[in-house]
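Engineer: no letters, just coordinates:
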């Protein structure tokens, strides 16, 4: 019985190792707009794109949203003060796998247009 127990424990530990995901790599961009405005417009952009905002906290400058279609996409947003403007960090998951940061560039450009600071 003890051997079976240890085999099960070993199998569970092995499967847990398979379930780990790579760390999220954020994409960052600095905008010449106040952090509060940037945060509000970023959350609004998420909603316009069909994301359901699950958590948003203006005082922390953090938000998380999910796109409710298969496979699930999740965006994580962090807005902080940077000089006279704001730094936006965004990362995303597709299912349980992180998206490559370069795939977030179109979203950051869309935010730039929404803020009215596109070149």
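Structural biologist: Sure thing, it's come through. Given the structure is predicted, the values throughout are model-derived calculations rather than measurements.

Engineer: what sits against residue 108?
Structural biologist: The contact partners of residue 108, taken as C-beta atoms under 8 Å, 6 or more residues apart in numbering, are 27, 29, 88, 90. Any C-beta I mention is one placed from the backbone N, CA and C, and that applies to glycine too.

Engineer: how close does it get to residue 90?
Structural biologist: The gap separating residue 108 from residue 90 is 7 Å, by C-beta to C-beta, to the nearest Å.

Engineer: what's the overlap in contacts for these two?
Structural biologist: With C-beta under 8 Å, 6+ apart, residue 108 and residue 90 have common neighbours residue 27.

Engineer: list the buried residues in the one helix or strand residue 87 maps to.
Structural biologist: For residue 87, the host element (DSSP states H and E) is strand 85-94. Neighbour-count burial for strand 85-94, counted by 16 or more other C-beta atoms under 10 Å, picks out 85, 86, 87, 88, 89, 90, 91, 92, 93.

Engineer: pLDDT below threshold where in this structure?
Structural biologist: Under the criterion pLDDT under 70, the flagged ranges of the chain are 1-22.

Engineer: residues in contact with the spatially most central residue of it?
Structural biologist: Computing the C-alpha centroid of the chain and ranking residues by C-alpha atoms, centre = their mean puts residue 76 first, at 2.2 Å. Each residue near residue 76 by C-beta under 8 Å, 6+ apart is listed here: 24, 26, 62, 63, 64, 90, 91, 92, 93.
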